[in-house]
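A.B. asks: sequence first, predicted model second:
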Amino acid sequence: MSAPLLFLLAHLVTGAAIASTPDLGKAQGQCRVQENGPAYWVEVQGLKDRRGRLKLELYPANDVDFLADDNILVAAGKAFRRVEVPVPPAGPVELCIRAPAPGVYALSLLHDRDANRRFAVSVDGIGFAGNPRLGWAKPSAATASAPVGNDPAHIRIILNYRRGLLSVGPVEK
């Protein structure tokens, strides 16, 4: 895999952060059963396997802030939320993440298969709201975003994994 693609995929998940705070945004992002208000119910599709953890993150829907360092976003008072859960052993997989208010937000989903909290292009999977095709550059915030109103919005995110030497895509079944 080429160095630019490796850098891109690492940046997609970690942003520019070297020392991210794993619990940042979790208290604000966690949905509660039967909760009303702006939130995303995310149906996860295309899991490669049932191991590791899933990390869903919400960002402002602009290219400057999308996938930016979580510490910087929170310090600037910008939207950032995170939900992290173990992959369930069976059944449908759904995650819920609260939005700060109705609007449009960008969402990223990581399947951290070895649960080490570090992105490994040869192991882990990634997906975004809107399910943009992944290429040599990070997707734009507009293609990785979804609207949410005063009630939970239901969306589907398809995970992508490394396929071959230079491509990333959904698991072929």
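C.D. replies: Structure received. If you're wondering where the values come from, they're calculated on a predicted model, not measured in any experiment. Residues are numbered from 1 along each chain as shown.

A.B. asks: would you map the strands across the chain?
C.D. replies: 39-45, 53-60, 81-86, 93-98, 103-112, 125-128, 145-148, 153-158, 161-163, 167-169 (DSSP state E).

A.B. asks: could you dump those to TSV with mean neighbour count, mean pLDDT and distance to Arg32?
C.D. replies: Quick note: C-beta positions are derived from backbone N, CA and C, even for glycine. TSV is the format used below for these (neighbours: other C-beta atoms under 10 Å; pLDDT from 0 to 100; distance: least, C-beta to C-beta, whole Å):
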stretch	mean neighbour count	mean pLDDT	distance to Arg32
strand 39-45	19	96	10
strand 53-60	22	97	16
strand 81-86	19	95	12
strand 93-98	19	95	9
strand 103-112	22	97	19
strand 125-128	25	95	24
strand 145-148	21	98	16
strand 153-158	17	97	17
strand 161-163	18	86	31
strand 167-169	16	75	34
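
A.B. asks: export the ones you listed to CSV and tack on distance to Phe66?
C.D. replies: Converted to CSV, the strands of the chain look like this (distance: least, C-beta to C-beta, whole Å):
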stretch, distance to Phe66
strand 39-45, 15
strand 53-60, 5
strand 81-86, 14
strand 93-98, 15
strand 103-112, 5
strand 125-128, 9
strand 145-148, 8
strand 153-158, 15
strand 161-163, 21
strand 167-169, 18
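
A.B. asks: go through the ones you listed and name the closest to Leu73.
C.D. replies: Closest to Leu73 of the strands of the chain is strand 53-60 (C-beta to C-beta; 7.2 Å).

A.B. asks: so what does that closest one touch, helix or strand wise?
C.D. replies: With contacts taken as 3 or more C-beta pairs under 8 Å, 6 or more residues apart in numbering; DSSP states H and E, strand 53-60 sits against strand 39-45, helix 70-75, strand 81-86, strand 93-98, strand 103-112.
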